[in-house]
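**Q** sequence plus the predicted model coming up.
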Amino acid sequence: MTDTETDETTPAAPERTQPVQQTDSELGRHLLTARGFHWIYGTSGDPYALTLRAESDDPVVLARRIREAETPLWQSAAGAWVTGRHAVAAEVLADQRLSLRHADLPGLQRHVFSDAWSNPLLCHIVPLDRAFLHAPGADHARWERSAAPVLGGAAADGHRKHADRVHQETADRLGASFDLMADYSRPAATEAAAALLGVPDDRRERFAQACLALGVALDAALCPQPLAVTRRLDEAVEDVRALVADLVAARRTEPGDDLLSTVLGAGGSGAPAAEDALAVGVLTAAVGVEFAAGLINNAVEALLAHPRQWALLGENPELAAGAVEETLRYAPPVRLESRIAAEDLTLAGQDIPAGAQVVVHVGAANRDPEVFLAPDHFDLTRPVGQGQLALSGPHTSLFGAFARLQAETAVRTLRERHPQLAPADGVQRRMRSPVLGGVLRYTLTTSA
């Protein structure tokens with residue numbers, strides 16, 4: 001993974017630093033060290049360490065164990081303070097004293113493991129500042145405000161016609177047997193994101209390839225990926241930065257009605273506005289596409305696993321919104337939210353020192369029986385507004401309306417175009433995917 005250069009007297013902002021390549025030996029040793037500690041801590045049965053290990057353990061069972069721990073907020077052997085209780089999770093996600101990064105590390109969020117036995121720091125396995133994933137909360141809030149005219153919930157209706165066309169065309173290209181992620185979810189989400197950014201036709205294949213490699217970004221922050229995957233992730237970050245930077249430069253001279261022009265317009269014509277547009281564009285590729293594709297996959301999987309719910313959707317297509325809202329609760333596409341305490345604080349009766357990692361297991365909190373009736377039951381008619389937390393993080397909040405629209409359109413389109421849709425086999429998920437539960441393969445057939 002790339003490192004970054006910083007001036008010893010005046011650290012540069014993470015997003016403006018220049019990458020410096022680590023050797024395969026240096027990067028491989030770093031990844032193996034982190035992976036080794038996950039395995040070691042998991043041998044004690046620690047459910048959070050086992051979640052990070054992301055191998056053969058049932059993630060739903062691990063989520064339940066995290067939620068049902070003796071104390072609402074407890075410290076894992078892996079160093080993080082962890083909760084799966086809805087009330088505590090909501091408190092953590094709303095607390096402005098908890099950030100995506102260490103306040104005392106203005107450059108890379110990258111740690112040395114020399115003291116891992118006494119003070120494990122496994123909160124930033126690879127530095128993803130170049131992808132803007134670990135930017136301060138104030139930056140994320142500003143980006144969300146400036147992007148709201150295009151990405152906000154009120155803007156969804158303006159994108160609905162385009163979404164309908166993209167999903168109908170994608171659905172009509174499907175054969176009798178297809179892979180949901182590779183042949184439908186990701187292509188549709190990528191096309192929608194490219195349209196938002198105004199990516200030219202001759203660059204869309206390059207954009208799609210970068211999005212594919214960036215799909216592991218949220219997982220890579222907490223779970224070390226194989227060396228080759230990490231290298232490709234790093235290359236994709238730089239590739240999409242270059243592509244978006246070109247688009248931003250073009251929009252500064254010839255604005256349009258796309259997302260980048262909107263962000264530029266919100267901040268004026270200076271360099272800070274261009275930096276904000278670059279950040280939003282890169283995050284669209286690094287988070288928006290995978291978030292939307294994952295939500296589509298999870299919604300279709302849940303509906304097909306519950307035939308009565310699939311039938312209800314056919315009887316009333318307006319239930320597509322309810323199906324997506326229930327999927328966000330039942331199978332959120334982003335399961336873990338990691339934060340760093342900016343100062344000493346007390347949460348759920350626990351004293352949390354500055355610099356400590358606090359992790360919310362969103363999947364566990366969204367099935368808390370203290371909040372949700374029959375939480376392990378998927379019900380697309382469940383009343384909304386019960387407090388699911390799937391859109392409570394800065395990344396998921398930014399792309400929540402975009403992902404909702406794509407998933408609602410997908411389930412409605414697939415139900416209309418292919419009412420006999422059925423799984424050919426079970427879902428195969430990526431290993432080392434504790435955050436996303438990323439789908440490796442999910443084969444469906446279009447006729448019974």
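**A** Perfect, thanks for sending it.

**Q** from now on I want contacts and neighbour counts done on CA atoms only, so please keep to that.
**A** Will do.

**Q** where does the stretch 101-250 of the chain have low pLDDT?
**A** Low-confidence segments of the stretch 101-250 of the chain (pLDDT under 70): 105-120.

**Q** one more: the stretch 301-448 of the chain?
**A** The low-confidence ranges in the stretch 301-448 of the chain, as defined by pLDDT under 70, are 385, 448.

**Q** the helices in it, which residues?
**A** Chain-ordered helices for the stretch 301-448 of the chain, with DSSP state H, counting those that start in this stretch as the definition, fall at 307-315, 320-330, 362-365, 394-398, 400-417.

**Q** residues contacting V362?
**A** Taking C-alpha atoms under 8 Å, 6 or more residues apart in numbering, we find V362 in contact with 84, 89, 332, 334-337, 389-390.

**Q** now with 7 Å, please.
**A** Contact partners of V362, counting by C-alpha atoms under 7 Å, 6 or more residues apart in numbering, are 84, 335-336, 389-390.

**Q** thinking again about what came up before, just name the most buried of the helices of the stretch 301-448 of the chain.
**A** Mean neighbour count (mean count of other C-alpha atoms under 10 Å) peaks for helix 362-365 among those, with a mean of 31.

**Q** so where do the strands sit in the stretch 1-150 of the chain?
**A** 3-4, 19-20, 74-75, 81-83, 98-99 (DSSP state E, counting those that start in this stretch).

**Q** scratch that, the stretch 151-300 of the chain
**A** Secondary structure of the stretch 151-300 of the chain (DSSP E, counting those that start in this stretch): strands located at 177-179.

**Q** so where do the helices sit in it?
**A** When secondary structure is read from DSSP H, counting those that start in this stretch, the stretch 151-300 of the chain shows helices at 156-172, 186-197, 204-214, 217-222, 227-253, 259-267, 271-283, 289-305.

**Q** mind giving me the packing neighbours of the third one?
**A** Pointing back at helix 204-214 there. Contact analysis of helix 204-214 by 3 or more C-alpha pairs under 7 Å, 6 or more residues apart in numbering; DSSP states H and E lists helix 227-253 as its packing neighbours.

**Q** likewise the shortest one?
**A** In this structure, helix 217-222 makes packing contacts with no helix or strand, judged by 3+ C-alpha pairs under 7 Å, 6+ apart.

**Q** let's see 10 Å
**A** Contacting helix 217-222 under the criterion 3 or more C-alpha pairs under 10 Å, 6 or more residues apart in numbering; DSSP states H and E are the following elements: helix 47-53, helix 227-253, helix 289-305, strand 336-341.

**Q** ok, which of these comes nearest D139?
**A** strand 336-341 (15.3 Å; C-alpha to C-alpha).

**Q** helices or strands up against the closest one?
**A** Here strand 336-341 is seen to pack against strand 81-83, helix 86-94, strand 98-99, helix 217-222, strand 357-361, helix 362-365, helix 394-398 when contacts are counted using 3+ C-alpha pairs under 10 Å, 6+ apart.

**Q** among those, which is nearest D183?
**A** helix 217-222 (21.1 Å).

**Q** from the middle of its chain, how far away would that closest one be?
**A** On the basis of C-alpha atoms, centre = their mean, to the nearest Å, helix 217-222 is displaced by 9 Å from the centre of the chain it belongs to.

**Q** give me whichever of the helices of the stretch 151-300 of the chain is most buried.
**A** Looking across those with neighbours counted as mean count of other C-alpha under 10 Å, the highest average goes to helix 289-305: a mean of 25.

**Q** that one relative to helix 204-214, how many degrees between them?
**A** What separates the directions of helix 289-305 and helix 204-214 is an angle of 70 degrees, with axes from the mean of the first three to the mean of the last three C-alpha atoms, to 10 degrees.

**Q** so how many other residues sit close to R145?
**A** Other residues lying near R145 total 15 when counted by other C-alpha atoms under 10 Å.

**Q** that one and R251: what is the separation?
**A** Plainly put, R145 is 19 Å away from R251 if you go by C-alpha to C-alpha, to the nearest Å.

**Q** nearest to Y184, out of the helices of the stretch 301-448 of the chain?
**A** Of all the helices of the stretch 301-448 of the chain, helix 400-417 sits nearest to Y184, with 8.9 Å by C-alpha to C-alpha.

**Q** chain center to that closest one: distance?
**A** Relative to where its chain is centred, helix 400-417 has its mean C-alpha point 18 Å off (C-alpha atoms, centre = their mean).

**Q** packing partners of that helix?
**A** Other helices and strands packing on helix 400-417, by 3+ C-alpha pairs under 10 Å, 6+ apart, are helix 137-151, helix 156-172, helix 186-197, helix 289-305, helix 307-315, helix 320-330, helix 394-398.

**Q** measure how it sits relative to helix 320-330, angle-wise.
**A** Here helix 400-417 runs at an angle of 120 degrees relative to helix 320-330 (the same axes, to 10 degrees).

**Q** helix 400-417 to helix 137-151, inter-axis angle?
**A** For helix 400-417 against helix 137-151, the angle between stretch directions is 40 degrees (the same axes, to 10 degrees).

**Q** report the backbone C-alpha coordinates of helix 400-417 in CSV.
**A** These are the backbone C-alpha positions of helix 400-417, laid out as CSV (Å, rounded to 0.1, in the frame of the first residue of the first chain):
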residue,chain,number,x,y,z
GLY,A,400,-28.0,6.6,1.3
ALA,A,401,-30.5,8.1,-1.2
PHE,A,402,-28.5,7.0,-4.2
ALA,A,403,-28.3,3.4,-2.9
ARG,A,404,-32.0,3.3,-1.9
LEU,A,405,-33.1,4.5,-5.4
GLN,A,406,-30.9,1.9,-7.1
ALA,A,407,-32.1,-0.9,-4.9
GLU,A,408,-35.8,0.0,-5.1
THR,A,409,-35.6,0.2,-8.9
ALA,A,410,-33.7,-3.1,-9.0
VAL,A,411,-36.1,-5.2,-6.9
ARG,A,412,-39.1,-3.7,-8.7
THR,A,413,-37.6,-4.3,-12.1
LEU,A,414,-36.4,-7.8,-11.4
ARG,A,415,-39.8,-8.8,-10.0
GLU,A,416,-41.6,-7.4,-13.0
ARG,A,417,-39.2,-8.6,-15.7
